[in-house]
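[1] Pasting the sequence and the predicted coordinates here, then a few questions.
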Amino acid sequence: MSSATMSDTRQFQDDFEAIDASSPLADMRREAFERFHELGWPTTRSEAWRYTNLRPLTAANLSMAPSTSVDKTIIEPYFIEDAQVHRIVFVNGRFDDGLSDIGQLPKGVTVGHLSDAVEENASAVLAHLGSTFDWKADALDALNTAFIEDGLYIHVPTNTELDQPVHVLHVTVTDPAVAVVTHPRTLIVVEDGSRATCIESCFGTGDAMCLVNPVTEIIAGHGAHVDHYREVREGEQTWHLGTLGVTQGNDGQVNSCCLALEGKVIRNAMIGTLEGTDAMANLRGLAWGTGDRHIDNFLRVNHMKPDCNSREYFKHILDDSSTASFTGRIYVEQDAQKTDAVQTNRNLLLNEKTKVYTRPQLEIFADDVKCTHGATIGRLDEDARFYLEARGIGREAANSLLIFAFANEVIEDIAFEPLRSRLETILLDRLPDGGMFR
Amino acid sequence: MLSIKNLHASVEGTPILKGIELEIPSGEVHSIMGPNGSGKSTLARVLAGEETYEVTEGSVTFNGVDLLDMEPDVRAREGLFMAFQYPVEIPGVSTKYFLRAAVNAVREHRGLEELDAYEFLKMVKEKAQTLDLDTSLLDRSVNEGFSGGEKKRAEIFQMAMLDPTMCVLDETDSGLDIDALKVVSDGVNALRNTERSFLVITHYQRLLNYIVPDRVHVLMDGRIVESGDRDLALKLEEKGYAGLEHPCGADA
């Protein structure tokens, strides 16, 4: 590691020192901060960051986003129409009580400040925080951990259904004078036999450069069912470098879907570990590249015990000069017999200047497993387009409908209907003549 | 209605159609029969406007207008409908949304009001009833996972919804069992009227037992070599295409 990298990473020292060092999280945070310095900013020489060059970001003089609030009119367009939700709003990575509207929660359910949970029961939180994946392996995850001051804590006790989804809105107020950084942290613990849905919507005000570095962890107990969505609609110059860590017990199911729609660079790291038997992990993603956007889907699914299923289904639509990469590793432990893992990455390239890198990786130590992966890269299907034209639909509208169809295979799987129709609308709105298909 | 004169067309430089002459008046059902490779499907696709087929000579007028000058979508809006031999599966596109967009594109072209979701569904129910079709196919993606019979029935249903004046059926009978064939034929017959013409392209005369044509034309090597009434189809059934005498003008 070069000394230049070391000194670059010291830019956060003052911000780090400013956080209360007496919290029960202080040791973890200090360790994380040190770890960040040891690792330094990732470069494209590291396997995990091979396709995403952080240099333009690290060259900027990044500083912690200040505490601020926004007018309600800024966040309202991101509310999900016709949906009852427990609403949480984060502004610049900080929990905003004024804008949040948690409403009535079922008995025993906690949805609130992570800092409150730490104060009330530090050991319960510490048992889970940072437990779902090896955050020490990645500098950005370590950096997020170093800056856990507050965050969102969702706890659903045994055999309980969270009646409505939790909708988390992450607003970043960008500043033309300085590149700000936020480190949103979310911890979702769904105990045995329980159910919950959480939707994260990430967006910003203004077009200045900034880094949004969220980490969300889901701990799903035996028989738990969790639906998680992350909708990335960041500002034009925002680097959204997010990680999702998931652990699952026996029999449960976790579905997570990342919708990478807007932002300069969108990285979606998902690390799922099936620690029990007979569980299902279903990870999906839709990425839409326009302009010079870069999208990096980085997946790792670990099968530790027998009889689990995992599905990865990622689609990229690339236009203009956008680029995307998909790295999907399936790891199967020796003990994880009868694993059934399927990984799919499909790419639709609408332009000569677009580029996609797709890289499946299988690491299998069990001998009785079914692991398949498939990747396709293609253009719009001319036969399908002719079929639509032959029914009176103009060429541009036919193209739009086919692009929508490609995207819709991810969207139509969204279980929460109001979110599904919202995304349909977003997609159709950005397609020429898309309104025809409403 | 449809007037084809000296139509020549090629695919990637290979001539397929070599001077087709055909007149289809309003309200008539014409059938084109011919062996494999005679150019039957090429004719259908040239009429529908597929880019792969290059028209090198001749003309096609549709209701007095130059058909070949129109984009495929405009042809459809003008009232030409081709039922595909192999309807394309389009995963992710709901049949309902697709069909409403198509119906509204056609209606707009004809100066009619756009249908809202409610009116559209009403129309769907009416048409489905007339054709005795099950509307559950509408809840699926366009043709996705449909059986051969379902695909062809869906084509006829689309035809009913788009209300064309000239319908081209490209080997609609291929891959159908007798029951499906009957359903499809009943659908076509229900849509027959004095304003609407049909061009039924088929390899086998079997279909013509159900859809009885006014005229039958035999296409061989890119030209119509014989025309007659429906008895011609029966004659073909009996003697096969090889049994036809080559009339003058055909390749010796």
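    Great, that's in hand. Since this is a predicted model, take the numbers as computed values, not measurements. Numbers count the residues shown, from 1 in each chain, chains lettered A, B, ... in the order given.
[2] Any idea which helix or strand in chain A has the lowest mean pLDDT?
    helix A:3-9 (a mean of 50; mean pLDDT, DSSP states H and E).
[3] buried stuff in the helix or strand following that one?
    On the C-terminal side of helix A:3-9, the closest following helix or strand by DSSP states H and E is helix A:13-17. By 16 or more other Cβ atoms under 10 Å in any protein chain shown, the buried positions in helix A:13-17 come out as A:15-16. Every C-beta, even on glycine, is put in place using the N, C-alpha and C of the backbone.
[4] Equivalent analysis for stretch A:419-428, please.
    Burial within stretch A:419-428, assessed by neighbour count using 16+ other Cβ under 10 Å, is assigned to A:419-424, A:426-428.
[5] Who are the contact partners of A:Ser23?
    A:Ser23 is in contact with A:29, A:115, A:118, A:149, counting by Cβ atoms under 8 Å, 6 or more residues apart in numbering or on different chains.
[6] mind running it again at 7 Å?
    By Cβ atoms under 7 Å, 6 or more residues apart in numbering or on different chains, the contact list for A:Ser23 reads A:Val118.
[7] which residues are there in chain B that come within reach of chain A?
    B:48, B:50, B:72-73, B:76-77, B:82, B:84, B:88, B:90-93, B:97-98, B:101-102, B:104-106, B:158, B:162 (Cβ under 7 Å from any Cβ of the partner chain).
[8] Centre of the chain to stretch A:379-394, how far?
    34 Å (Cα atoms, centre = their mean, to the nearest Å).
[9] Keeping just the C-alphas, turn it into PDB.
    Taking C-alpha atoms only, stretch A:379-394 is exported to PDB below (Å, rounded to 0.1, in the frame of the first residue of the first chain):
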ATOM      1  CA  ARG A 379     -30.000  -6.100 -28.700                       C
ATOM      2  CA  LEU A 380     -33.700  -5.600 -29.100                       C
ATOM      3  CA  ASP A 381     -35.300  -8.600 -30.900                       C
ATOM      4  CA  GLU A 382     -36.200  -7.500 -34.400                       C
ATOM      5  CA  ASP A 383     -38.800 -10.200 -34.800                       C
ATOM      6  CA  ALA A 384     -40.600  -9.100 -31.700                       C
ATOM      7  CA  ARG A 385     -40.400  -5.500 -32.900                       C
ATOM      8  CA  PHE A 386     -41.900  -6.400 -36.300                       C
ATOM      9  CA  TYR A 387     -44.700  -8.200 -34.600                       C
ATOM     10  CA  LEU A 388     -45.600  -5.100 -32.600                       C
ATOM     11  CA  GLU A 389     -45.300  -2.900 -35.700                       C
ATOM     12  CA  ALA A 390     -47.600  -5.200 -37.600                       C
ATOM     13  CA  ARG A 391     -50.200  -4.500 -35.000                       C
ATOM     14  CA  GLY A 392     -50.100  -0.800 -35.600                       C
ATOM     15  CA  ILE A 393     -47.600   0.200 -33.000                       C
ATOM     16  CA  GLY A 394     -44.900   2.700 -34.300                       C
END
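[10] coming back round to it: of the buried residues of stretch A:419-428, which are in range of chain B?
    Answer for the buried residues of stretch A:419-428 near chain B: none qualify (Cβ under 7 Å from any Cβ).
[11] Okay, strands next: where are they in the stretch 201-350 of chain A?
    For the stretch 201-350 of chain A, the strands defined by DSSP state E, counting those that start in this stretch cover A:210-212, A:215-220, A:225-233, A:238-248, A:253-262, A:265-274, A:280-289, A:294-303, A:309-318, A:323-332, A:340-349.
[12] Name the nearest residue to B:Leu22, sequence neighbours excluded.
    B:Ile4 (4.2 Å; Cβ to Cβ, 6 or more residues apart in numbering or on different chains).
[13] do the same with A:Asp413
    Of all residues not flanking A:Asp413 in the chain, A:Arg284 sits nearest, at 6.4 Å (Cβ to Cβ, 6+ apart).
[14] Hmm, that neighbour is touching A:Glu412, no?
    No - with contact defined as Cβ atoms under 7 Å, A:Arg284 does not count as touching A:Glu412 (10.8 Å).
[15] more neighbours, those two?
    A:Arg284 (22 against 15; other Cβ atoms under 10 Å in any protein chain shown).
[16] contacting residues around that one?
    A:Arg284 neighbours (Cβ under 7 Å, 6+ apart): A:257, A:313-314, A:410, A:413.
[17] re the thing from before, quick one: the residue nearest to B:Leu22 is in a helix?
    No - assessed with DSSP: H, G, I helix; E, B strand; the rest coil, B:Ile4 is strand; it does not lie in a helix.
[18] Which pLDDT value goes with A:Asn408?
    For A:Asn408, the pLDDT comes out at 89.
[19] Check for me that it belongs to a strand.
    No - the assignment for A:Asn408 (three-state DSSP) gives helix, which keeps it out of a strand.
[20] Tabulate the strands of the stretch 201-350 of chain A (a markdown table), appending distance to B:Ser26 and mean pLDDT.
    Shown next, in a markdown table, are these (distance: least, Cβ to Cβ, whole Å; pLDDT from 0 to 100):
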| stretch | distance to B:Ser26 | mean pLDDT |
| --- | --- | --- |
| strand A:210-212 | 65 | 97 |
| strand A:215-220 | 66 | 98 |
| strand A:225-233 | 54 | 98 |
| strand A:238-248 | 61 | 98 |
| strand A:253-262 | 51 | 98 |
| strand A:265-274 | 58 | 98 |
| strand A:280-289 | 48 | 98 |
| strand A:294-303 | 55 | 98 |
| strand A:309-318 | 45 | 98 |
| strand A:323-332 | 54 | 97 |
| strand A:340-349 | 44 | 97 |
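[21] Just send these back as JSON lines, with distance to A:Phe90 too.
    Listed next are the strands of the stretch 201-350 of chain A as JSON lines, based on distance: least, Cβ to Cβ, whole Å:
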{"stretch": "strand A:210-212", "distance to A:Phe90": "10"}
{"stretch": "strand A:215-220", "distance to A:Phe90": "12"}
{"stretch": "strand A:225-233", "distance to A:Phe90": "13"}
{"stretch": "strand A:238-248", "distance to A:Phe90": "13"}
{"stretch": "strand A:253-262", "distance to A:Phe90": "18"}
{"stretch": "strand A:265-274", "distance to A:Phe90": "18"}
{"stretch": "strand A:280-289", "distance to A:Phe90": "22"}
{"stretch": "strand A:294-303", "distance to A:Phe90": "23"}
{"stretch": "strand A:309-318", "distance to A:Phe90": "26"}
{"stretch": "strand A:323-332", "distance to A:Phe90": "27"}
{"stretch": "strand A:340-349", "distance to A:Phe90": "31"}
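[22] Quick check: which of the ones you listed is nearest to A:Cys202?
    Among the strands of the stretch 201-350 of chain A, strand A:225-233 comes nearest to A:Cys202, with 5.1 Å by Cβ to Cβ.
[23] then that closest one to PDB, C-alphas only?
    Extracted in PDB, the C-alpha atoms of strand A:225-233 (Å, rounded to 0.1, in the frame of the first residue of the first chain):
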ATOM      1  CA  HIS A 225     -39.700 -14.100   5.400                       C
ATOM      2  CA  VAL A 226     -38.200 -10.800   4.500                       C
ATOM      3  CA  ASP A 227     -38.800  -8.700   1.400                       C
ATOM      4  CA  HIS A 228     -36.200  -5.900   0.800                       C
ATOM      5  CA  TYR A 229     -36.000  -3.400  -2.000                       C
ATOM      6  CA  ARG A 230     -33.500  -0.700  -2.700                       C
ATOM      7  CA  GLU A 231     -34.500   1.900  -5.200                       C
ATOM      8  CA  VAL A 232     -31.500   4.000  -6.300                       C
ATOM      9  CA  ARG A 233     -32.500   7.300  -7.900                       C
END
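[24] re the thing from before, my read: the residue nearest to B:Leu22 touches B:Gly19, true?
    No - B:Ile4 is beyond contact range of B:Gly19, at 9.9 Å (criterion: Cβ under 7 Å).
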